[in-house]
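1. Quick one, structure for this:
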Amino acid sequence: MIDIEVQVDVQLASDHQKYAGQQEDMCGEKESDCTESLHHPAQKEERDALLLLADVALLPHRGDDVPCSHDNEACCCLEVRNLERSLQSMQLQLQFLLSKADCFLNCLVNGQVDQTSKAPAEEVQRFLYTCQPYFNHVESTTRSTMSLHKHLPFDIYARLLDFSQQLCDRLEQLVLTIASYNLVCLDEANPDSVSHFCIGQSQLGQLRLTVFLYCKLTPYMSKVNTGLYKRMRWNVERLREDVMQLQQEAADDTSGEREDREQETVGDTEYYFLCCEDTPNPHNTAAREGHGVSDSDVVRMWSIGQWVQVNPDPSTQDIFDWILCDVPQGSYHRLLYFGSEEPLSCIATDHLHKLLKSHLDTGLI
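-> Purely as a prediction, here's the structure:
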């Protein structure tokens, strides 16, 4: 493993030295490469390059060995130094992923894509999946309480979240653009839609959070007009106590049994959403007096809330209640208010982490 990591470090350093000089060549060559990839989604070399990059994102940088068990302060300092060194490789990986997304966009705008083929949609979906390890690495490094980085310096914390936000914004732009060419569907009710994509996973105590971003405002419930529109979703899984033991053994367990056992330790899952709704403007006198409605008569308010199951009754023991229910229905329990400004995805996740932590500390969950 050490030899592999050294090889990765050397390769990243070499790539960094060449990166500035290669920009013009990349701009000229990527469109042709991307066009070929879109027409041949099974092209092995390009996929392997992306998957290798995703694997590199998960490789930690090693420093000199320090007896951490005897010197916690020295261990923390080493961890911070390794994080500072890893920022360079994380930024290089980000630039690669961003340039790949730009390649897709350029091919679409320049008409170099066969719009009668399913290949572009499949390639974009594969690319979204390839970006998930990068998101997961940022989330687990910056937020997970199981991580070794318990006192992450703020500048490193902010830069890593900025990397994630940049990639998130570019992927959203990519999906919206390809949807404007009718190459993908954004309707959540369609099983083949790309209505949302995963932007990372982290852990808070016995809670595991998986974050999703909706590419556009989506009705809170597909068949009922609630006036609510969702922008983000957090799947919050409660892990049973024995999963902690599994995580401690993860480094020594290379078999596939660990994943199966971990799945068995997942308990209930709760769902939280970032939603917006248009509410009457209390400062608009004309609206209160009934003189018509205009854009100034309403104000868009953002909040985080929890999905509360209404139908079928979550406590029911009758399986037919679930079988006969076409689409489950739930209410929206508001927990946090943001006002009229939409928060960035990383900011919204920060607030939900703080809320869940306070609930854990007080025994509410």
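
2. List the contacts of G305.
-> By CB atoms under 8 Å, 6 or more residues apart in numbering, G305 lies in contact with Y272, F273, C275, Y332, H333, R334, L335, L336. Every residue, glycine included, has its C-beta placed from N, CA and C.

3. Would you mind listing the buried residues in the strand or helix carrying V310?
-> Here V310, judged by DSSP states H and E, is contained in strand 298-311. Counting neighbours by 16 or more other CB atoms under 10 Å, one finds that the buried residues in strand 298-311 are V299, M301, W302, S303, I304, G305, Q306, W307.

4. From the residues you listed, pick the one nearest K354.
-> I304 (10.7 Å; CB to CB).

5. With adjacent residues omitted, what lies nearest to the closest one?
-> L336 (4.2 Å; CB to CB, 6 or more residues apart in numbering).

6. Then N225?
-> Closest residue to N225 apart from its sequence neighbours, by CB to CB, 6+ apart: P219 at 7.2 Å.

7. Dihedrals phi and psi, the one you found?
-> Phi and psi for P219, reported as degrees, to the nearest 10, are phi -50, psi 140.

8. Report the mean confidence score over stretch 299-306.
-> Averaged over stretch 299-306, pLDDT sits at 96.

9. can you check stretch 125-140 too?
-> 94.

10. Next: stretch 204-218.
-> In this model, stretch 204-218 has a mean pLDDT of 94.

11. Give the buried residues for it.
-> Applying 16+ other CB under 10 Å to stretch 204-218 flags 204-215, 218 as buried.

12. quick one: which of these sit in strands?
-> In strands, defined here by DSSP state E, the members of these are L204, L207, R208, L209, T210, V211, F212, L213, Y214, C215, T218.

13. L186: which of those is nearest?
-> C215 (5.8 Å).

14. Please name the residues that touch that closest one.
-> E172, V175, L176, A179, L186, V194, S195, H196, F197 are the contacts of C215 under CB under 8 Å, 6+ apart.

15. which one of those residues is nearest E342?
-> The closest of these, once distances to E342 are taken by CB to CB, is E172, at 12.6 Å.

16. what about F338, which helix or strand?
-> Assessed by DSSP H and E, F338 sits inside strand 329-339.

17. average pLDDT for that strand?
-> For strand 329-339, mean pLDDT rounds to 91.
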